[in-house]
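S.K.: below is the sequence, then the predicted model.
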Amino acid sequence: MTEEGTNFLDESESRRVWEKAARLQAEASSEGGGPPAEGIVVSPRDGRDVRDVLTAGEEAGIERRFLDAALNEVRSDRVLPAPPRNRHWAARFFGGLLDVIEARQIIEASPEQTLSTLLEQFSAGFFGLSLNERIGDPLDSGVLVFDIEGLGSLNKPWLAREVSASAVRQVYVSIRELDEAPLSCEVTLRGPIAWSHNTGLVHGLLVTTLTGGIGGTTVGALAAAALGGFLMTPLGLTVAGVSAGTGLILGGGLGRNGYRAFCRYGIERARRALEKALVGIAVRAEQDCVELDRTQDGDSYRP
């Protein structure tokens, strides 16, 4: 990541920093409110500089720690795959779209120790992750990109098994040092799923069509059986047609809602898996940090 890319934000990124920071502050506040991001204004020229963006946010009443967290998130979002175009029909079918599954965890260990532990644990067989790419310095607004291995195998590693019902295929990792605690950092895991929306739409339409056809055929057949000898009369044909149409609509609706529920289940299961992975990394990193401190203290007392 270049220096210019790190120190400058465009207008939309600046707005996202303020909106995310205001939301984070509102969530952390017992009052549940925060300053409106719409009221923050800087000139187009100065607004691209990170320092001016942060200053404008502070002047609007947003705490610096929330601005720093939002800035780190926006920088990390830059490396995520761009969502596909023409997602209008997918958004209508699913009732809204989620582009990224995300999990966060504050770890009471230095960013360096956390990074070391994370690289060691993620490459282990339990997680089954392989490092695909380093984008910038992971200790300075950079991102690590891991591939999830074993998704197509029968004997899947734990993480591959947990995310298999979702569209998560990679995990993007970012680490942010917390100023209020030098030996503490926040780790964020992101699993992009935006690439799958149009594919999911196709699958969902197939399921809807199949269940609609089954429903229409079943209800139509039941109506025909009930009508018996009256089936071939004009009234009987009308009743059978309406019954089949009703079954088609009901079956299609059930298929669509069932497919939506399955997708929501997959997303939620993947999100919980990322959260559990972070908890495991936190426990191990904090243990490693304590053991390192004990070793250093022991060395300092040697004669």
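M.R.: Now that the structure is in, tell me what you want to look at.

S.K.: give me phi/psi at the most centrally placed residue in the chain?
M.R.: When the chain is reduced to its mean C-alpha position, the closest residue under C-alpha atoms, centre = their mean turns out to be Ile101, at 1.3 Å. In terms of degrees, to the nearest 10, the main-chain angles of Ile101 are phi -90, psi 130.

S.K.: wait, it touches Ser196, no?
M.R.: No - under the criterion of C-beta atoms under 8 Å, Ile101 makes no contact with Ser196, lying 11.3 Å away. For glycine as for every other residue, the C-beta is placed from the backbone atoms N, C-alpha and C.

S.K.: on the three-state scheme, the residue nearest to the residue nearest to the centre of the chain when sequence neighbours are not counted is what?
M.R.: In space, and not counting its chain neighbours, Ile101 is closest to Gly191: 4.2 Å by C-beta to C-beta, 6 or more residues apart in numbering. Three-state assignment for Gly191 (DSSP: H, G, I helix; E, B strand; the rest coil): strand.

S.K.: so for the nearest residue to Asn86 once chain neighbours are set aside, what's the pLDDT?
M.R.: Of all residues not flanking Asn86 in the chain, Asn198 sits nearest, at 7.5 Å (C-beta to C-beta, 6+ apart). With respect to pLDDT, Asn198 scores 78.

S.K.: next: Glu38.
M.R.: 51.

S.K.: ok, now Val207?
M.R.: Looking at Val207, its pLDDT reads 64.

S.K.: cool, and Val187?
M.R.: For Val187, pLDDT reads 92.

S.K.: that one bridge partners, please.
M.R.: Beta-bridge partners for Val187, by DSSP bridges, are Gln105, Ile175.

S.K.: touching, it and Gly280? I think so.
M.R.: No - Val187 lies out of contact with Gly280 (C-beta under 8 Å); the separation is 11.5 Å.

S.K.: when these two are compared, which one has more neighbours?
M.R.: When Val187 and Gly280 are compared for neighbours, Val187 comes out ahead with 23 against 15, by other C-beta atoms under 10 Å.

S.K.: residues touching that one, list them.
M.R.: Listed by C-beta atoms under 8 Å, 6 or more residues apart in numbering, the contact partners of Val187 are Arg104, Gln105, Ile107, Thr114, Leu118, Val173, Ser174, Ile175, Arg176, Leu278, Ile281, Ala282.

S.K.: what's the burial count for the second one?
M.R.: Counted by other C-beta under 10 Å, the residues lying close to Gln105 total 19.
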